[in-house]
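Visitor: mind looking at a prediction? Sequence and model below.
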Amino acid sequence: MIRKQICVWLTLLLLVQMIPMLPVHAEEREMAFLLMEANTGSILHQEYADERRPVGSLAKLMTAYLTAKAIERQEITPDTVMTAGESVAGMPGAVIWLKPGDSISVRELLLALITGNANDAAAVLADRLGGSPEKFVMDMNAAAFDLGMKSTRFTSPQGFDDSQAYSTAYDIALLCRAVLQCEVLKECLTTWRIMILHDTVELVSENTLTRTLKTCRGLKASHSPESDYSLAAAAESDGMLCIAVVLNAPDEDTRFSLAKKLLNKAFSQYQIMLPAFAEEFLRPLKIRKGTESSVLLELSSLPAMAVPSGTQIQAVMVLPEFVQAPVRYHQRVGRVCFYQGKTLLCECALLASEEVPEMTMPAAFRRILHFAFS
């Protein structure tokens with residue numbers, strides 16, 4: 001009897017192990033989204049923005065960014081003609097039907113990459129700029145690190161579904177912020193429909209906001225079995241440039257409606273403000289064991305920030321009673337904290353306006369002689 005029960009349990013265990021692990025889709029997880037003011041980096045609204053998620057072809061924004069940087073370094077130009085290699089053969093997903101040996105300009109590759117979501121265009125850029133897809137992916141991850149994208153890992157220039165690839169809504173917003181600063185990318189980010197390759201290939205952007213939203217500054221939409229429906233959208237109005245990132249929406253309409261809602265919220269409820277601080281409130285800071293008894297202070301540059309309209313900002317100065325010599329020029333000795341109610345908005349450093357050496361015996365003796373004979 002016991003042996004029969006053991007056999008039944010082993011059979012059930014084997015059956016459980018044979019059941020495939022199904023991917024988690026949007027209906028089983030909450031959407032992640034974030035609203036950022038790009039000029040200031042202020043986060044205006046977020047939900048699950050630091051959760052690692054699959055982001056699909058939004059990874060192509062990094063491929064475009066690295067291409068733009070190569071143009072800025074004058075390694076290539078938008079008119080540079082590139083030749084497709086063997087990697088384009090049999091390329092899955094969205095393509096512009098490039099064959100090995102075909103020639104195409106960088107400008108058209110960027111349009112195909114962002115407007116047309118073309119995987120073969122990404123392959124050509126990766127081969128030329130990185131030497132190989134593998135080396136280019138290393139460059140993608142290095143650039144992500146430099147941009148502060150601490151929760152991001154790319155595994156392909158195209159953004160193919162891969163369990164080892166991930167990012168977050170916050171990290172994608174950081175990438176978008178960098179991409180929007182690249183003048184050479186503005187055309188491909190905002191183009192909804194265009195013909196390339198001597199009018200033989202038509203590109204139509206999945207990001208319909210480039211057509212329907214007057215203030216839209218472009219970026220990219222994405223969908224795949226793993227990442228569901230995602231979107232990175234930017235819009236500009238009244239001196240504010242805002243980025244809305246939506247990850248893992250259940251359908252395309254939801255991603256667009258949520259992004260528009262977030263962007264409208266930014267423009268209707270927020271404003272850019274430069275916090276005010278009167279420097280006459282800065283008193284000299286005492287110095288112990290220095291050649292001077294005190295040092296004047298300077299405030300580091302005040303950052304602009306996006307805050308709710310009508311916000312009152314309070315400044316709180318944090319300083320020690322004294323500092324010990326030696327003091328370096330522009331050494332940070334304190335800070336000014338700017339609050340909206342109890343919420344800390346930002347901090348600015350208080351800096352020593354001059355160098356103050358430590359008092360030594362020779363320095364003390366010279367000072368005595370100075371006072372004695374002056």
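Guide: Yep, it's here.
Visitor: please name the residues that touch the residue sitting nearest the centre point of the chain.
Guide: Centrality entry for the chain: nearest residue to the mean C-alpha point is L174, 0.9 Å, by CA atoms, centre = their mean. Contacts were defined as CB atoms under 8 Å, 6 or more residues apart in numbering; by that measure L174 touches 147-149. Glycine gets a C-beta too; all of them are placed from N, C-alpha and C.
Visitor: hang on, A276 in a strand?
Guide: No - using DSSP: H, G, I helix; E, B strand; the rest coil, the assignment for A276 is coil, not a strand.
Visitor: what sits against it?
Guide: So A276 contacts 313, 315 (CB under 8 Å, 6+ apart).
Visitor: cool, and L111?
Guide: Here L111 is in contact with 187-188, 191, 194, 196, 203 (CB under 8 Å, 6+ apart).
Visitor: and the pLDDT for it?
Guide: If you check L111, the pLDDT there is 98.
Visitor: among the contacts of L111, which ones are in helices?
Guide: Judged by DSSP state H, the subset of the contacts of L111 located in helices is 187-188.
Visitor: and the helices in this protein?
Guide: Under DSSP H, the chain gives helices at 2-18, 60-72, 106-114, 119-130, 133-146, 169-179, 186-190, 209-212, 252-269, 361-373.
Visitor: what's the closest of these to E298?
Guide: Among those, the nearest to E298 by CB to CB is helix 361-373 (24.7 Å).
Visitor: quick one: average pLDDT of that closest one?
Guide: Here the average pLDDT along helix 361-373 is 67.
Visitor: in PyMOL, how would I select just the buried ones from the contacts of L174?
Guide: If you want just the buried ones from the contacts of L174 in PyMOL, going by 16 or more other CB atoms under 10 Å, the selection is:
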select buried, resi 147+149
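Visitor: got JSON lines for the contacts of L174, with distance to A112 too?
Guide: Output for those, formatted as JSON lines (distance: CB to CB, whole Å):
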{"residue": "L147", "distance to A112": "24"}
{"residue": "G148", "distance to A112": "29"}
{"residue": "M149", "distance to A112": "25"}
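Visitor: next, format the contacts of L174 as JSON lines and append distance to I272 and pLDDT.
Guide: Formatted as JSON lines, the contacts of L174 follow (distance: CB to CB, whole Å; pLDDT from 0 to 100):
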{"residue": "L147", "distance to I272": "22", "pLDDT": "98"}
{"residue": "G148", "distance to I272": "22", "pLDDT": "98"}
{"residue": "M149", "distance to I272": "25", "pLDDT": "98"}
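Visitor: and which of the contacts of L174 is nearest to Q181?
Guide: L147 (11.0 Å).
Visitor: let me see the contact set for that closest one.
Guide: So L147 contacts 174-175, 178 (CB under 8 Å, 6+ apart).
Visitor: likewise for S224?
Guide: 54, 56-57, 159, 161 are the contacts of S224 under CB under 8 Å, 6+ apart.
Visitor: same question, Y48
Guide: 30-33, 169.
Visitor: now with 7 Å, please.
Guide: 30, 32 (CB atoms under 7 Å, 6 or more residues apart in numbering).
Visitor: quick check: pLDDT value at it.
Guide: 97.
Visitor: tally of neighbours for H330?
Guide: Using other CB atoms under 10 Å, H330 has 14 other residues around it.
Visitor: my guess is it meets L350, correct?
Guide: No - using CB atoms under 7 Å as the test, H330 is too far from L350 to be in contact (10.4 Å).
Visitor: tell me how this protein divides into domains.
Guide: Residue ranges for the domains of the chain, per automatic domain parsing: 26-271, 279-373.
Visitor: what's the most buried one of these?
Guide: domain 26-271 (a mean of 20; mean count of other CB atoms under 10 Å).
Visitor: contacting residues for G218?
Guide: 189-190, 207, 210, 234.
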